[in-house]
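Chemist: take this sequence and fold it.
(2 chains)
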Amino acid sequence: MRGHSDIAINGDSAVALAWKQIDPDVCAAYPITPQTIIVEKFAEYVADGEVTTEFVCVESEHSALTLCITSASAGARTFTATASQGLAYMWEMLPIASSMRVPIIMAVANRAVSGPININNDHGDVMSARDCGWITLFAENVQQAYDMSIVAPRIAEHHGVQLPCLVNLDGFILTHATERMSPIDDSVVRKFVGEHKPLYPLLDVKHPVSHNLMDGPLFYFPHKYQMVEAMDRALEVSRDIFAEFAKISGREYKLVEEYRCEDADAIAIVLGSSFGTMKEAVDQLRNEGHKVGVAMPRLYRPWPIADLAKVMKDKKAVIVMDRHLSVGSYGPMFPEVVAAAIENDKVPKMYNYIYGLGGADTMVSDFKKVFTEPHSGKAKRVNYLGVVR
Amino acid sequence: MASGHRLCAGCPESIIARQVLMGTEKDIVVTCSTGCFEVSTTIFPYTSWNVPYVHTAFGNGAATCAGVETAYQALKRKGKINGEMRFVNFAGDGGTYDIGLQALSGAMERGHKMAFVCLNNEAYMNTGIQRSSATGMGASTTTSWAGKVSPGKKEFPKDMTQIMAAHGIPYVAQAGPHAWKDLVSKASKAFECDGPSFINAIAPCPRGWRFPSDQTIAISRLAAETCIWPLYEVVNGTDYSLSAESQRIADGKAEKKPITEWIDSQGRFKHLKDPKWASVVESIQAETDRKWKSLLRLCGL
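Modeler: So this is what the prediction gives:
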C-alpha cells in the first residue's frame, strides 16, 4: 500500500502523529531522552489547537503515571510516554495501573537503564516492567511504531481486557531515525479507534464507586487472577484487532512475525528493530546455503506461547536474542522461549545471545555469527555478542 | 463519608474529614494518599465512601487527585460530563511533608483546582509511630526514641503551611478539629477559591501521642492555645490572617499558655520532665515564641 501519500518521519514523531489522530482526552508526561520528541511534537499539536487533549506537564514520571491512572479511572482516554529511568521511576505505579484495570497507553522509547548512565538503546527498561501486568507490544520500524500506537487503545480498552499497554520502539534506532511511512487518514484512524467507553468511571457521581481498596489475603490473589484471565483474552483480542487493522491499512500483523522460518533448520527469536537487521542476515545466509529464519513476538505480554511453539516445531536449533541482561542468569526472554518450546514433543537445541546493550552496535555480520556459531559447535548456552572483555 | 470505618477510638481524622466535606454542597471526588485514613476507610469489600473515591499510592496524593481533576476538565470541555464538581485529597504528614512533597508542589504549581488536606498527626502512625519531618522536637517516636542520651526527636518540624503559602496558591490554611466552625469555613474557602488550596489540620493521635482517647479535641485546642499550632489562613500567598484562639490571643483576649502545658499533656514528651532535658523544653518554648512573633508580623500585627 505504498503510495504518493507516504511521508518521511522519525519514530517519535510517528507516535505523536498517531496520538494526534486519536486525539486522547488526557496526556501527562515528563521529558526524557529518547522519548522527548513525542511529547514535544504532541505539545505543538496542543499549542496549535490540532487536538482537544488536556496536556499536563508534570514534575516527574511518578506523577505522570499517577495522573494518567486516575485520569483513566475517572473515564478519560489517557496516553503517556517515557523511557529508561523514567519507566524505572514509574515502577511503583506500573502494577497499580494494571491492577486498577485502566487502559492507559504508554509509548516506551527503549533505552538502557543506569548505571552507568547511558542514553542509547537496549531493552533493560521494558524488561524490568515485564511482571507488572501491562500488555507489551514491540515495533520493528517507524511504520510499526505508528501502527502499534493505533491498535494499542483498541486492545487495552476492550471490555474483556481492560489493561494498560506499552508500545515499545527502540531508542534512537527508531525514535530518531527518519524512515518512509504510510500514514492512515485521520478520519479512518478515528473511526477505527472509536469512542472510549470506560467502565465504572469515577466521574459518574450518580453511581459512586471506590477504586483501589486494600485487599487482605482473601481477595488479593483472586483479584490478581482476574488479571491473568484478562491478559489471556488479550491474545485473541489482539489477533482480531490486527485483522481489523489490516483492512484499513493493508498491513497484516501476527502474534509472532515470521521471516523465512517455514523450512528453516535454525531460527532466531528477536524483539524490536533488530528483527529487520536479522532478516538481512537471514537473506545473506540463505544465499550461502544455510536454512535459517528469524521470528519476532509482536507481544511480549501476553506471551504468545502456542504461536511460538508452532514456529519452533521441528526446528533443529533456536537462538534467543536478548537485548537485556539478568545478571546471574540467562537473558530474560531465553527461559520464556524455552518454556514455549516444551509445548512441543521435541525440543530443539537452544542458545541465548545477549547483544547490543547500551547501544552497542550490532551489524548484519554479527547477527550472521549467531547462526553460524551454534552450527559449528562454537556457541555456549549463553553468549555475549561482540563484548570486549 | 459513612459512619462505618476502622479508625482508632479517639482518632480525629474522620472528624476532620467530615468537617472538610461540610465545606461544599457540590458533587465531590475524594482521593487519599496511603496511610491510616486510607486503610481504615477502604478495606475490601467494604468502603466508607458514599462519594467517588480513589487511592493509588503513598507519595503521590496530589497527582492522584490532579488526575481526576484533569479528566474532569477534559471531559467537561468536550461536553461529555456536566455540572460543577470539587476534588479533595486527604494525606497524612508523611504523604504531605515527606514522600508526598514533590507531587504536592508540582500539582500546586500547575494550578489544578483541588484541595489538599493534611491530616497532621506528626508521625508515621500507620506503620507504628515513626518520626517524620512534621514531628515536634522532643517527641519520642519508634525511630527517635527518648533514651539515656537522647531527648527524642532533635529537630523542629518543617513549616509546611508556609512552604505551601510560598507557592502563591489562592488559599492556604492551618486548622484544628476543635475549632470546627473555623475548619468548615476554611474548607469552604478552599473549595471555592479559583485554583489549588491546602489545609494543614492538626490531628492529635491518642496512640502515637500517648493521651487518653477522650482528650483528642482538648489536645487540639491546647495546640492553638500554646501557639505551637496557630490557626491562620493565607490568601494568594501573602495575605495572612489569624482565626479562633489565635486571633483571641493576638487581640489580648485570651492567654497564650506556656509550652509546658502542651508537653505535660502527652506521654510522648514525658521524659522532658526530667531536669536534664530542661534546655530542650526551653528551646521548644523559644522556637514557638519566635514562630508566633513571625506570624504576627506576617499578619500585620
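Chemist: now the strand or helix carrying A:R239: mean pLDDT?
Modeler: According to DSSP states H and E, A:R239 maps onto helix A:217-249. In this model, helix A:217-249 carries a mean pLDDT of 98.
Chemist: contacts for the following helix or strand past that helix?
Modeler: Counting by DSSP H and E, the next helix or strand C-terminal to helix A:217-249 is strand A:256-259. For strand A:256-259, contacts defined as Cβ atoms under 8 Å, 6 or more residues apart in numbering or on different chains pick out A:140, A:275, A:278-279, A:282, A:293-298, A:304, A:307-308, A:310-311. Yep, even glycine has a C-beta here, placed from its N, CA and C like the rest.
Chemist: contact partners for the closest residue to B:A134 other than its chain neighbours?
Modeler: Spatial nearest neighbour of B:A134, chain neighbours left out: B:D93 (3.6 Å); criterion: Cβ to Cβ, 6 or more residues apart in numbering or on different chains. When contacts are counted by Cβ under 8 Å, 6+ apart, B:D93 touches B:C118, B:L119, B:N120, B:N121, B:E122, B:A123, B:S132, B:S133, B:A134, B:M160.
Chemist: the fourth one reaches B:P206, doesn't it?
Modeler: This means B:N121. No - the criterion here is Cβ atoms under 8 Å, and B:N121 misses it with B:P206 at 9.8 Å.
Chemist: neighbour count for those two, which is higher?
Modeler: Ranked by neighbour count (other Cβ atoms under 10 Å in any protein chain shown), B:N121 and B:P206 place B:N121 first, with 30 against 21.
Chemist: next, find the distance separating the more buried one from B:V20.
Modeler: Distance of B:N121 to B:V20, computed by Cβ to Cβ, to the nearest Å: 16 Å.
Chemist: got any ranges where the chain has weak pLDDT?
Modeler: I went with chain A, as the question did not name one. A:1-4 (pLDDT under 70).
Chemist: you answered for a different chain; I wanted chain B.
Modeler: Within chain B, the set of residues satisfying pLDDT under 70 is empty.
Chemist: which helix in it runs the most residues?
Modeler: Of all the elements of type helix in chain B, the one with the most residues (DSSP state H) is helix B:278-298.
Chemist: in terms of helices and strands, where is B:V30?
Modeler: Secondary structure (DSSP H and E) places B:V30 in strand B:27-32.
Chemist: each with direction, which strands does that strand pair with?
Modeler: Taking DSSP bridges as the criterion, strand B:27-32 sits next to strand B:53-55 (parallel), strand B:85-92 (parallel) in its sheet.
Chemist: I'd say B:P196 and B:G111 touch.
Modeler: Yes - at 6.1 Å, B:P196 counts as touching B:G111 under the criterion of Cβ under 8 Å.
Chemist: so what sits against both of these two?
Modeler: B:I169.
Chemist: check which helix or strand A:A64 maps to.
Modeler: Using DSSP H and E, the element containing A:A64 is helix A:61-74.
Chemist: how about that helix as CSV, C-alpha atoms only?
Modeler: Only the C-alpha atoms of helix A:61-74 are listed here, as CSV (Å, rounded to 0.1, in the frame of the first residue of the first chain):
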residue,chain,number,x,y,z
GLU,A,61,7.4,10.4,35.8
HIS,A,62,5.9,9.1,39.0
SER,A,63,3.3,11.9,38.9
ALA,A,64,2.9,11.4,35.1
LEU,A,65,1.8,7.8,35.5
THR,A,66,-0.2,8.6,38.7
LEU,A,67,-2.1,11.3,36.9
CYS,A,68,-2.7,9.0,34.0
ILE,A,69,-4.0,6.3,36.2
THR,A,70,-6.7,8.4,38.0
SER,A,71,-7.5,10.3,34.8
ALA,A,72,-8.2,6.9,33.2
SER,A,73,-10.2,5.7,36.2
ALA,A,74,-12.1,8.9,36.0
